[in-house]
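Colleague: Got a predicted model here, sequence first, then my questions.
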Amino acid sequence: MTRPSLALLLALLLGAITLSLRLAAAPAASATPYGRKLDVPALTEIGRALFFDPSLSASGRVACASCHDPRFAFGPPNDLAVQLAGRDGRMPGLRAGPSLRYLQTLPPFSEHFFDNDGDDSVDAGPTGGHTWDGRASSGREQARLPLLSPLEMANASAAEVAAKLRHGAQAARLKQVFGEEAMADDARAFDAALLALEVFQQSPAEFYPYSSRYDEVLRGKAQLTAQEARGLALFNDPAKGNCAACHLSQKTPDGAFPLFTDFGLIALGVPRNRTLPANADPRFFDLGLCGPLRTDFQDRPAYCGLFRTPSLRNVALRRSFFHNGQFHTLDEVLRFYARRDTHPAEFYPPGQKFDDLPPAFHGNVNTEPPFDRHVGDKPALDDAEIAAIVAFLQTLTDADLRR
């Protein structure tokens, strides 16, 4: 699949484009449902302040930035499989925190997606949407989820958030931008905060700078080392890593730089993380697209176990991987890809391959290379090849985040 560009933008303009994208495209202001023109730079600053404000949480200790730290590409700042939050600030979440960088062209979820690759006959299947299961169609909808989730910022209602906004540090600026009448209404005040958070997350310098060393290679201003170049070749090779099948690594036909994701939803059979409190119940399964957090596809067994493919930009900064945080290094992740089917005993209990997915849904698990092998076969990648791919992935770290 290729990165959504012209075809996606046309679709968005026809109906699914978010208000924040329209605001970001404006020079300084835009007409809105608030009956006034909103100042985009002011919205950005308000959104930034709210993003770092722990007073918006029930515990008073958890901000958006607590789980989405700008020092870690707006991802988790630690190696916890899931972050701690909730009303007491100590409740473990259900899924690993994703990075918020490079989501500016993330399309709304669709069961049927067609790439701008010149062949509109190929249906790429479930694609897009914010969160691991794609249930939020915009940045504004996504921002709503943690504010009200009992496992995250744990507010009981939009009214509770609105009350905090009226008494918070941004109250005066919110009234100045949105108006006294809007901020007096709970629903409109809450929506104003969501809009500000969404607009902030469209800031190019902070959320999509395209400043990695690999970007400089694509611009012709740098070169990969021999090992990094070998890693890229293995990353792209359909018979080896085959990573680029989902994590696109080349410019698109219209010249857009790669996001290292096709935004598709896929089942990989990631091992069960038995350290997660939710998994203490053997009857519980996180099935991604078909539940438990997403409820509109609970009757679609073909969707069970599917999670959205994340971008690999800045992936070397992460210390927990996949939706359940089961692995903690890139080496572990790549060994899983290379050896899941040739050496399943390294990852699953005896006789329990794909142990985090009920047997009825094992047929949903991806079997494309390198997952097309069997016990006793040679793995697609050896240790030296894994090390080369890791070296290449380290070139994807943005300039402002290099240690």
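Modeller: Arrived safely. What you see is a predicted model, and the numbers here were worked out from it, not measured in a lab. Numbers count the residues shown, from 1 in each chain.

Colleague: contacts and neighbour counts: CA atoms only from here.
Modeller: Will do.

Colleague: gap between stretch 71-84 and the chain center?
Modeller: Here stretch 71-84 is found 13 Å from its chain centre; the criterion is Cα atoms, centre = their mean, to the nearest Å.

Colleague: My error: substitute stretch 271-279 in the last question.
Modeller: That offset, for stretch 271-279, works out to 20 Å (Cα atoms, centre = their mean).

Colleague: which parts of it are buried?
Modeller: Within stretch 271-279, the residues scored as buried using 16 or more other Cα atoms under 10 Å are 271-273, 276, 278-279.

Colleague: With stretch 224-235 instead?
Modeller: Residues of stretch 224-235 classed as buried: 224, 227-235 (neighbour count, 16+ other Cα under 10 Å).

Colleague: ok, residues contacting it?
Modeller: The contact list for stretch 224-235, computed with Cα atoms under 8 Å, 6 or more residues apart in numbering, reads 214, 217, 240-244, 385-392, 395.

Colleague: what's the farthest-apart pair in these?
Modeller: Across the contacts of stretch 224-235, the longest distance by Cα to Cα is 22.7 Å; it joins Val217 and Lys240.

Colleague: Break the chain down into its domains, please.
Modeller: Under automatic domain parsing, the residue ranges defining each domain of the chain are 19-106+129-207, 213-401.

Colleague: Throw those domains into JSON lines and include mean pLDDT, thanks.
Modeller: What follows is the domains of the chain, written out as JSON lines (pLDDT from 0 to 100):
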{"stretch": "domain 19-106+129-207", "mean pLDDT": "91"}
{"stretch": "domain 213-401", "mean pLDDT": "97"}
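
Colleague: Need those domains in TSV (columns: distance to His112).
Modeller: Output for the domains of the chain, formatted as TSV (distance: least, Cα to Cα, whole Å):
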stretch	distance to His112
domain 19-106+129-207	12
domain 213-401	10
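
Colleague: ok, back up a step: let me have the buried residues of stretch 224-235 in a markdown table, adding distance to Pro92 and secondary structure as columns.
Modeller: Converted to a markdown table, these look like this (distance: Cα to Cα, whole Å; DSSP: H, G, I helix; E, B strand; the rest coil):
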| residue | distance to Pro92 | secondary structure |
| --- | --- | --- |
| Leu224 | 40 | coil |
| Gln227 | 39 | helix |
| Glu228 | 37 | helix |
| Ala229 | 40 | helix |
| Arg230 | 40 | helix |
| Gly231 | 36 | helix |
| Leu232 | 36 | helix |
| Ala233 | 39 | helix |
| Leu234 | 37 | helix |
| Phe235 | 34 | helix |
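
Colleague: Can you tell me which of those is nearest Ala399?
Modeller: When the buried residues of stretch 224-235 are compared for distance to Ala399 (Cα to Cα), Leu224 wins out at 15.5 Å.

Colleague: Quick check on the closest one: phi, psi?
Modeller: Backbone torsions for Leu224, taken as degrees, to the nearest 10, come to phi -80, psi 150.

Colleague: same question, His130
Modeller: phi -80, psi 160.

Colleague: Would you mind confirming that it makes contact with Ser138?
Modeller: Yes - the pair His130 / Ser138 is scored as a contact, 6.6 Å apart, by Cα atoms under 8 Å.

Colleague: can you list residues touching both of those two?
Modeller: Common neighbours of His130 and Ser138 (criterion: Cα under 8 Å, 6+ apart): Pro108.

Colleague: hmm, back to that, export the buried residues of stretch 271-279 to JSON lines and tack on secondary structure?
Modeller: As requested, the buried residues of stretch 271-279 are exported to JSON lines (DSSP: H, G, I helix; E, B strand; the rest coil):
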{"residue": "Pro271", "secondary structure": "coil"}
{"residue": "Arg272", "secondary structure": "coil"}
{"residue": "Asn273", "secondary structure": "coil"}
{"residue": "Leu276", "secondary structure": "coil"}
{"residue": "Ala278", "secondary structure": "helix"}
{"residue": "Asn279", "secondary structure": "helix"}
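
Colleague: ok, which pair from the residues you listed is furthest apart?
Modeller: In the buried residues of stretch 271-279, two members sit farther apart than any others by Cα to Cα. They are Pro271 and Ala278, at 14.5 Å.

Colleague: Please enumerate the strands of the stretch 1-150 of the chain.
Modeller: Taking DSSP state E, counting those that start in this stretch, the strands of the stretch 1-150 of the chain run over residues 29-31, 37-39, 84-85, 91-92.

Colleague: Phe178 is nearest to which of these?
Modeller: strand 37-39 (7.3 Å).

Colleague: what's that closest one packed up against?
Modeller: Applying 3 or more Cα pairs under 8 Å, 6 or more residues apart in numbering; DSSP states H and E, one finds that strand 37-39 contacts strand 29-31, helix 171-178.

Colleague: Could you dump the buried residues of stretch 224-235 into TSV and include distance to Leu259?
Modeller: What follows is these, written out as TSV (distance: Cα to Cα, whole Å):
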residue	distance to Leu259
Leu224	18
Gln227	22
Glu228	18
Ala229	18
Arg230	20
Gly231	18
Leu232	15
Ala233	17
Leu234	18
Phe235	15
